[in-house]
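In: Make a model of this:
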Amino acid sequence: MEIFLTFLKYSGFTQPDIWKNLIMIAIGIFFITLAIKKDYEPLLLIPIGFGILIGNIPFVLNANLRLGIYEEGSVLYYLYFGVSKGIYPPLIFLGIGALTDFSALLSNPKLVLLGAAAQVGIFLTLLGSLALGFTPQEAAAIGIIGGADGPTAIFTSSMLAPHLMGAIAIAAYSYMALVPVIQPPIMKLLTTEKERLIRMKPSRSVPRSEKIIFPVAALLITCFIAPGALPLLGMLFFGNILKESGVTERLAKTAGTSLIDIVTILLGLTVGASTQAQYFLTPKSILIFTLGAVSFCIATAGGILFAKFMNLFFKEGNKINPLIGAAGVSAVPDSARVVQSIGRLYDHDNYLLMHALGPNVAGVIGSATAAGILLSYFLGK
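Out: Model prediction:
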């Protein structure tokens with residue numbers, strides 16, 4: 001009987017507040033379902049969703065079992081080290097750089113302004129978070145969700161607000177996955193049918209020399225402006241020059257396939273596991289999710305409205321289709337694909353994908369630069 005009672009004591013079914021764990025388990029199953037049935041960011045949502053299941057199996061805390069992600073000495077604790085110390089995000093950026101073709105941006109440099117305009121969501125959400133009682137460091141970390149850039153959000157929160165990292169990371173990746181749901185209504189609301197029908201001039205062919213010069217020049221310019229962004233942008237542009245140099249194909253292939261896949265698995269799984277109900281289900285987490293949604297909507301609207309503003313200065317035939325402003329958020333390449341699908345609803349032969357990739361990759365640079373500015377300010381104080 002003593003053995004049986006001890007077994008019950010350590011069983012997950014008898015742990016206090018098990019209902020909180022069941023709520024999180026339901027969320028994890030929902031993420032997995034979205035990934036499989038709706039094909040929403042499956043490479044992210046399945047690891048995160050399954051990580052939520054792993055992180056919310058109830059067990060006796062402080063029993064020297066060393067099972068939880070927050071218990072020093074556990075396997076999950078050491079895997080989570082790459083998240084808590086900001087190691088995984090730069091490695092993700094290395095892979096992104098090796099996969100990214102900046103030709104769309106280089107062929108039409110003015111589109112970088114749309115990527116910059118979309119970052120308005122970050123700074124307005126920062127102000128809103130301050131008004132709601134968050135500390136300046138917490139507000140800065142929450143604001144980065146508006147960039148729709150999961151690795152940047154994780155990196156920033158690991159430096160400024162590690163206690164909020166789970167909620168910030170889940171919010172950032174959730175809204176990245178829901179780009180096809182969130183953005184279309186905003187795009188339709190803020191544009192007229194005439195604007196959606198605008199056809200843009202074909203992109204010019206970008207010579208190889210420009211592609212090689214760009215990562216070097218962009219690194220120097222952005223990191224002189226915001227040195228705090230060096231770990232992210234340094235790896236992004238390093239990955240890109242591996243791709244564009246033409247002499248390091250093996251390294252570029254490894255960074256863009258095996259490495260990024262391994263890091264994505266570890267990042268997604270441990271971020272999901274960090275949502276242990278006892279630490280995650282708090283009023284602050286719910287507020288962060290709400291602020292994240294608002295931030296993402298503001299960022300989308302900012303890009304679209306700035307495209308409309310730019311059109312005031314362009315002659316007929318040179319105007320920008322305002323839909324591509326929505327791609328100024330950093331959800332590469334999903335927001336660009338959404339622009340393409342919405343544009344083709346109104347003109348089946350209007351191909352906006354290549355144009356939308358310009359502000360899309362600019363958004364990646366913009367959100368990392370914004371994060372660098374915030375890190376330099378708050379960590380330098």
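In: ok, now which ones touch the residue nearest the centre of the chain?
Out: For the chain, the residue nearest the mean C-alpha position is residue 149 (2.0 Å; CA atoms, centre = their mean). Shown in contact with residue 149 (CB atoms under 8 Å, 6 or more residues apart in numbering): 172, 176, 329, 330, 331, 363, 364, 367, 368. Using the backbone N, CA and C atoms, a C-beta is placed for each residue, glycine as well.
In: What about those residues, which one has the most neighbours?
Out: The most crowded member of the contacts of residue 149, judged by other CB atoms under 10 Å, is residue 329 (34 neighbours).
In: For the stretch 1-150 of the chain, give me the ranges with low pLDDT.
Out: Filtered on pLDDT under 70, the stretch 1-150 of the chain yields the residue ranges 4-15, 61-63.
In: returning to what we had before: between all of the contacts of residue 149, which two are at the greatest distance?
Out: Farthest pair in the contacts of residue 149 (CB to CB) is 176 and 368. Separation: 15.0 Å.
In: one step back: so which of the contacts of residue 149 comes closest to residue 73?
Out: For those, the nearest to residue 73 is residue 172 (28.7 Å; CB to CB).
In: Quick check: which element contains the residue nearest to residue 91 when sequence neighbours are not counted?
Out: Distances taken as CB to CB, 6 or more residues apart in numbering place residue 263 nearest to residue 91, at 4.6 Å, with adjacent residues excluded. Assessed by DSSP states H and E, residue 263 sits inside helix 260-273.
In: Pull out the buried positions in that helix.
Out: Across helix 260-273, burial judged by 16 or more other CB atoms under 10 Å covers 260, 263, 264, 266, 267, 268, 269, 270, 271, 272, 273.
In: Check what pLDDT the residue nearest to residue 91 gets.
Out: Among the per-residue scores, residue 263 shows a pLDDT of 95.
In: Can you name the residues that contact it?
Out: Counted by CB under 8 Å, 6+ apart, residue 263 has contacts 82, 88, 91, 92, 95.
In: Mind doing that once more with 7 Å?
Out: 88, 91, 92 (CB atoms under 7 Å, 6 or more residues apart in numbering).
In: Run through the neighbouring helices and strands of the helix or strand following the helix holding residue 263.
Out: As assigned by DSSP H and E, the chain's next helix or strand after helix 260-273 is helix 277-280. Applying 3 or more CB pairs under 7 Å, 6 or more residues apart in numbering; DSSP states H and E, one finds that helix 277-280 contacts helix 18-37.
In: circling back to that earlier point, what about the residue nearest to residue 91, distance to residue 54?
Out: 18 Å (CB to CB, to the nearest Å).
In: after the strand or helix carrying residue 296 comes which helix or strand?
Out: Residue 296 is located in helix 283-311, with elements delineated by DSSP H and E. Downstream of helix 283-311, the first helix or strand assigned by DSSP H and E is helix 334-346.
In: Now the terminal residues of stretch 97-104, how far apart.
Out: Chord length of stretch 97-104, first to last residue, is 14 Å (CA to CA, to the nearest Å).
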